[in-house]
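In: this is a predicted model, with the sequence first.
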Amino acid sequence: MDKLTLLGLVVGVTGILTGQVLEGGDLEILFQVAAFMIVFGGTLGAVMVQCPPKVFVMALRMGRWAFKPPVMQGSDLVRQLILWGQIARKEGILALEARTGAVGDPFLKKGLQLLVDGNSGDKIREVMDVDTHSWEQLRWQSARVWEAAAGYSPTIGIIGAVLGLMHVMQNLAEPAKLGGGIAVAFVATIYGVAFANLLFLPIANKLKSIIMEQANLREMIVDGLVGIANGDNPRLLEIKLRSYLD
C-alpha cells in the first residue's frame, strides 16, 4: 500500500474541509449528491467517448497502482540474471533451458527462451524492444486517460454550475428552493476542480512514474540477457545491472 498517496489525499481533503470550517461555513453544504453525479458521471462519460475500450479498461486497472503499486524486485532480478550468466559461462547457454519453466514473469520468460534458442544479443534486443514498445504504448495511453479526466472534470463542473443556476432561475418565485440550486451550482464547480487536482491529475502523474520505473527494469532485463548472450563476465554484468537500480 502506498501510504504517501493515502496521506496526500487525507491532507488535501482535510485542508479544504478545515478551511471551510474556519471560514464559518457548514460542512454539509459541500456534500451534494446532485453535484457529484453531474461531475463524476459527466467526466466518466467524456473519458469513455475519448478512448478505445482496451485503453479504458487498462486505465481502470492501473488506477489501483496509485494506492498499491506493482511489486518491482529489481535486486532479485539482478541476482537472477547474474546467476544465469554464471551458469551460461560454466555450462553453456543450453543449461538455462531447464529454468524457463520456473520463470513467472512473461517478459523475462520470453527473453530467456530467446536466449536458450541461440539468438544473438542484437536479435534478442530487437525482439524485446518491440515487446517493450507495445507494452509502454498501452500503459502511457492508459495513464493519459486519467490526465484527460483531469481536463474534463473542471469543465463538467462548470456545466453543473450552469444547471444549478438554471434551477435557481426557474424557482425565483419560490425563495425556499433558491438555496439548494445555488449550492449545487457552486459545489459542482468545487467538485470539478477538486477531482481534477486532488485525484485525477496526481494519479496520472504517479502512474507515469511507475511506468518509467517498470520500463527501466525491462531495459535492465534486456541488457542482462544480451550480456549473457555475448558472454560478458558476470562481474562486469553485475556492475552494469546494478547501475539501473542506483
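Out: It's in. Numbers count the residues shown, from 1 in each chain.
In: quick check: mean pLDDT of the longest helix that the chain contains?
Out: Counting residues, the longest helix in the chain under DSSP state H turns out to be helix 121-170. Predicted confidence along helix 121-170 averages 91 (mean pLDDT).
In: tell me how many other residues crowd V162.
Out: If you count neighbours by other CB atoms under 10 Å, V162 ends up with 13. No exception for glycine: its C-beta is placed from N, CA and C like everyone else's.
In: list the residues that contact it.
Out: A185 (CB atoms under 8 Å, 6 or more residues apart in numbering).
In: if I look at it, how far off is V47?
Out: 21 Å (CB to CB, to the nearest Å).
In: mind listing the helices for this protein?
Out: Using DSSP H, the helices assigned to the chain run over residues 3-22, 33-50, 53-63, 74-91, 106-116, 121-170, 178-194, 201-229, 234-245.
In: can you redo these as JSON lines with distance to T100?
Out: Shown next, in JSON lines, are the helices of the chain (distance: least, CB to CB, whole Å):
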{"stretch": "helix 3-22", "distance to T100": "36"}
{"stretch": "helix 33-50", "distance to T100": "40"}
{"stretch": "helix 53-63", "distance to T100": "27"}
{"stretch": "helix 74-91", "distance to T100": "11"}
{"stretch": "helix 106-116", "distance to T100": "5"}
{"stretch": "helix 121-170", "distance to T100": "14"}
{"stretch": "helix 178-194", "distance to T100": "50"}
{"stretch": "helix 201-229", "distance to T100": "12"}
{"stretch": "helix 234-245", "distance to T100": "20"}
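In: leaving out the residues flanking it, which one is nearest to L17?
Out: Distances taken as CB to CB, 6 or more residues apart in numbering put L27 closest to L17, at 6.2 Å, once the chain neighbours are dropped.
In: and the pLDDT at the one you found?
Out: At L27, pLDDT is 81.
In: figure out how far the longest helix of the chain is from the centre of its chain.
Out: Distance, stretch centre to chain centre, for helix 121-170: 10 Å (CA atoms, centre = their mean, to the nearest Å).
In: burial check on I93, number of neighbours?
Out: Around I93 there are 19 residues (other CB under 10 Å).
In: please name the residues that touch it.
Out: By CB under 8 Å, 6+ apart, the neighbours of I93 are 115-116, 118, 228-229.
In: and these, which of them are buried?
Out: 115-116, 228-229 (16 or more other CB atoms under 10 Å).
In: can you put those residues in a markdown table and add pLDDT?
Out: Below are the buried ones among the contacts of I93 laid out as a markdown table (pLDDT from 0 to 100):
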| residue | pLDDT |
| --- | --- |
| L115 | 90 |
| V116 | 89 |
| I228 | 91 |
| A229 | 91 |
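In: out of those residues, flag the one nearest to L22.
Out: Nearest to L22 among the buried ones among the contacts of I93: I228, at 62.3 Å, using CB to CB.
In: list the contacts of L77.
Out: L77 sits in contact with 108, 217, 220-221, 224, 241, where contact means CB under 8 Å, 6+ apart.
In: looking at those residues, spot the one nearest S75.
Out: Taking CB to CB as the measure, S75 lies nearest L241 of the contacts of L77, at 9.9 Å.
In: for the residue most central in space within the chain, list the residues it contacts.
Out: Centroid-nearest residue in the chain, with CA atoms, centre = their mean: L207, separated by 2.5 Å. Contact analysis of L207 by CB under 8 Å, 6+ apart lists 62-63, 65-66, 139, 142-143, 146.
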